[in-house]
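Asks: Quick one, fold the following:
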Amino acid sequence: MTARWVVDEVAPKRDLHLIWQPISLLFKNDPDPASDYYRGVHRGHQALRIMEAVRADHGEAKVHDWYFQCGTRIHHDGDRAFEFADALATIGVDPSLADAADDTRWDREISTRMDAGLELVGNDVGTPIIAFTCDDGTKRGIFGPVITRVPDTETSLRFWDAMVVFITTDGFWELKRTRTTRPEFGDRPAV
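Replies: Next up is the predicted model:
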């Protein structure tokens, strides 16, 4: 939901250039391979390997397409076992890049990019992480926001502007409350 919020409501109106970075819950949480959790995060890690292969061959625009293609299939279609090759073909990328799913050579790139993001926010967070370069040239990041629905445009922009103030204020660390609703994904987007 945070990605949809930034892409659909904020980026066009705040002239943001987005770069998608990986965070591997397989690497971060190091789950027991016998656990149910492991299967899910391993599958997500495979998608990240493909993401880095897509980035290497096609650049950031196709990384964006890959990210939203996966998210749409998982969250709107309820398909966590979709064929990677089919999803790649849908975004106009050579389906053979699906072979990257099992190619551990991409793991170093995933770790490097993930570590750069965690360096900005600390290790006791998950996803999403938003980071940007401030006017003074420093990089800042924050875990979140975790949202369950995309606000209307006016609220989205006020929300973004407030978040920027929080992130750029020295000494600010955290806002939090317990989630009481599940994400509301809305209609399936045209991807």
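Asks: which residue ranges form the helices in the protein?
Replies: For the chain, the helices defined by DSSP state H occupy 2-4, 11-14, 25-29, 36-58, 60-71, 84-90, 107-121, 153-168.
Asks: So the nearest residue to His58 once chain neighbours are set aside versus Ala61, what's the distance?
Replies: Leaving aside its chain neighbours, His58 sits nearest to Val93 (6.2 Å; criterion: C-beta to C-beta, 6 or more residues apart in numbering). All C-beta atoms are positioned from the backbone trio N, CA, C, and that covers glycine. Val93 is 11 Å from Ala61, where distance means C-beta to C-beta, to the nearest Å.
Asks: Give the residues shared as contacts by the two.
Replies: Common neighbours of Val93 and Ala61, counting by C-beta atoms under 8 Å, 6 or more residues apart in numbering, are absent.
Asks: out of the two, which sits in the more crowded spot?
Replies: Shown here are Val93 and Ala61; by other C-beta atoms under 10 Å, Val93 has more neighbours (21 against 11).
Asks: So the more buried one sits against Lys62, correct?
Replies: Yes. Using C-beta atoms under 8 Å, Val93 is in contact with Lys62, at 5.9 Å.
Asks: what residues are shared contacts of those two?
Replies: Counting by C-beta under 8 Å, 6+ apart, the contacts common to Val93 and Lys62 are Val54.
Asks: pLDDT weak spots in the chain?
Replies: Counting by pLDDT under 70, the chain shows no low-confidence range.
Asks: burial count for the closest residue in space to Val164 that isn't next to it in sequence?
Replies: Excluding the flanking residues, the one nearest Val164 by C-beta to C-beta, 6+ apart is Phe132, at 7.9 Å. Residues near Phe132, counting by other C-beta under 10 Å, number 16.
Asks: Thr138 is in contact with Phe132, correct?
Replies: No. Applying C-beta under 8 Å as the test, Phe132 and Thr138 come out as separate, 9.9 Å apart.
Asks: Mind listing what's buried along stretch 28-47?
Replies: Neighbour counts using 16 or more other C-beta atoms under 10 Å place 31, 38, 41, 43-47 of stretch 28-47 among the buried residues.
Asks: Please disregard the earlier target; I meant stretch 49-57.
Replies: In terms of neighbour count (16+ other C-beta under 10 Å), stretch 49-57 has its buried residues at 49-55.
Asks: Ok, stretch 176-191 next?
Replies: For stretch 176-191, burial by neighbour count (16+ other C-beta under 10 Å) applies to Phe185.
Asks: circling back: nearest to Ala162 among the buried residues of stretch 49-57?
Replies: For the buried residues of stretch 49-57, the residue nearest Ala162 by C-beta to C-beta is Met51; the value is 30.0 Å.
Asks: Spit out the contact partners of that closest one.
Replies: With the criterion set at C-beta under 8 Å, 6+ apart, Met51 makes contact with 20, 22, 63, 66-67.
Asks: Out of those residues, which is nearest to Phe172?
Replies: Trp20 (24.9 Å).
Asks: can you tell me how far the nearest residue to that closest one once chain neighbours are set aside sits from Thr180?
Replies: Once flanking residues are discounted, Trp20 sits nearest to Val63: 4.9 Å by C-beta to C-beta, 6+ apart. Note on Val63: its distance to Thr180, by C-beta to C-beta, is 33 Å.
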